[in-house]
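Visitor: Fold the following.
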Amino acid sequence: MYFKEIKNKRLVLISNYAWTVYNFRLSLIEFLIAQGFDIIVLTQFDGYEKKLKNIGCRVYNLFISRKGMNPFVDIITLIQIFFRLFFLRPFCCLSFTIKPVIYVSFAMRLLNIPNIVMITGLGTGFLRGGWLTNLVKILYRYALVKATYVFFQNISDQQLFFDQNLVGASKCKLTPGSGIDLKKYFFSTKDNDHNPFIFLLVARLVWDKGIKEYIEAANKLHEEFPKIKFYILGPSGVQNRTAIPRSEIKKWNQAGVTNYLGEVEDIREQISNATCIVLPSYREGTSRVLLEASAIGRPIIATNVPGCKEVVLDEKSGYLCKVKNSHDLYLKMKKMYLLDQTKRNEMGLIGRKHVENKFNHELVCQIYLDTLLNL
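Guide: Just a heads-up that it's a prediction; the model follows:
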């Protein structure tokens, strides 16, 4: 229906690397392609660009540092984005993650192209405090003043940007995360209490995901219940200020309590095999893995912070614990372990219904489409 209103069908998505685009934006991209948009992705190649090409995207490599700030590298990135957009002349640009959001804003001021910004989380630079946080806020304020719309994934992040005078209310839109395709995540229950009890944490291996607290809680719980399995799954060696050294990961496996399973492309089987999913993150946009766990029907334990508390129905679909508090996490994990499996299955069913009602990807896709049509 949009062809009568939009002649230029080129839509550019810019993110810091292809893995995040494929894993978090796949449903949106497929939906927009089905609507007739020509999707162009500008991102750092990491192997997932091939998958994006296979679903019909044009993909261009982006020279960008995902760790720290290097003026020389950042200027090259900015120049590359500007000239790529200058020659592509898209109808609109969608930018994800902090650096692309800021870089694109500079280019858009010169090119006069509508820019939709996605605040998918606050990031380490925003949360750590000090001079870096102050600099990030200044850059955000400059970037968002010319943004056409700014999308937030939870009301707390949106309110924080209001309070910090980083964005005006008229530009803001709220989405229930990136949504989840419920047709790809099949609900199931655990059969009985005789299977090994498995706690599983799925996340990038950075300290901000609460991995230190998870390790401490697991060690304490292991002393009481040595048969419990504690697993960690997710990419290591990521470019992030709080990235966990590989030497530290090796120590976990050597200690024999918490086992790191590496990284897999499709985590549905691992979530299905687990008894409970744990994410003690310090803050999220809207946690994708908690949505996936709830969709599959697994109870969850997460911190009572923005991006997690919206997904977990405390005492109903799982438990919320205090942030940066390994003892409280231990208590919640112990409480989950001592439940009857029938009760855990009931929690999983409540979680499934919650994501069906609030986080279906069709709701998110329609919000984006309506916004594009109204530009």
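Visitor: Let me know the next secondary structure element after the lowest-mean-pLDDT helix or strand in the chain.
Guide: Here the helix or strand of the chain ranked lowest by mean pLDDT, DSSP states H and E is helix 123-127, holding a mean of 62. Going down the chain from helix 123-127, the next helix or strand is helix 130-144, by DSSP states H and E.
Visitor: how about the helices in the stretch 201-350 of the chain?
Guide: Using DSSP state H, counting those that start in this stretch, the helices of the stretch 201-350 of the chain run over 211-224, 246-255, 268-273, 288-296, 326-338, 341-358.
Visitor: no wait, the stretch 1-150 of the chain
Guide: 18-34, 49-54, 71-88, 98-111, 123-127, 130-144.
Visitor: Ok, which of those comes nearest Ala293?
Guide: Closest of the helices of the stretch 1-150 of the chain to Ala293 is helix 18-34, at 14.9 Å (criterion: CB to CB). C-beta coordinates here come from the backbone N, C-alpha and C atoms, glycine included.
Visitor: who's in contact with Asp314?
Guide: Asp314 makes contacts with 304, 320, as judged by CB atoms under 8 Å, 6 or more residues apart in numbering.
Visitor: Which strand residues bridge it?
Guide: Per DSSP bridges, the residues bridged to Asp314 are Gly318.
Visitor: since we're on Leu26, how many residues are nearby?
Guide: Leu26 is flanked by 17 other residues according to other CB atoms under 10 Å.
Visitor: Could you pull up the residues touching it?
Guide: Shown in contact with Leu26 (CB under 8 Å, 6+ apart): Ile55.
Visitor: Could you report the pLDDT at Leu52?
Guide: In this model, Leu52 is scored at 95, pLDDT.
Visitor: for the nearest residue to it once chain neighbours are set aside, which residues make a bridge with it?
Guide: Spatial nearest neighbour of Leu52, excluding adjacent residues (CB to CB, 6 or more residues apart in numbering): Val59 at 5.0 Å. Beta-bridge partners for Val59, by DSSP bridges, are Val41.
Visitor: from what I can see Val59 touches Lys53, true?
Guide: Yes: in this structure, Val59 is within contact of Lys53 by CB atoms under 8 Å, at 5.5 Å.
Visitor: Would you mind telling me which of these two has more residues around it?
Guide: Set side by side, Val59 and Lys53 show more neighbours around Val59, with 20 against 13, by other CB under 10 Å.
Visitor: Leaving out sequence neighbours, find the closest residue to Ile39.
Guide: Sequence neighbours aside, Cys57 is the residue nearest to Ile39 in space, at 4.8 Å (criterion: CB to CB, 6+ apart).
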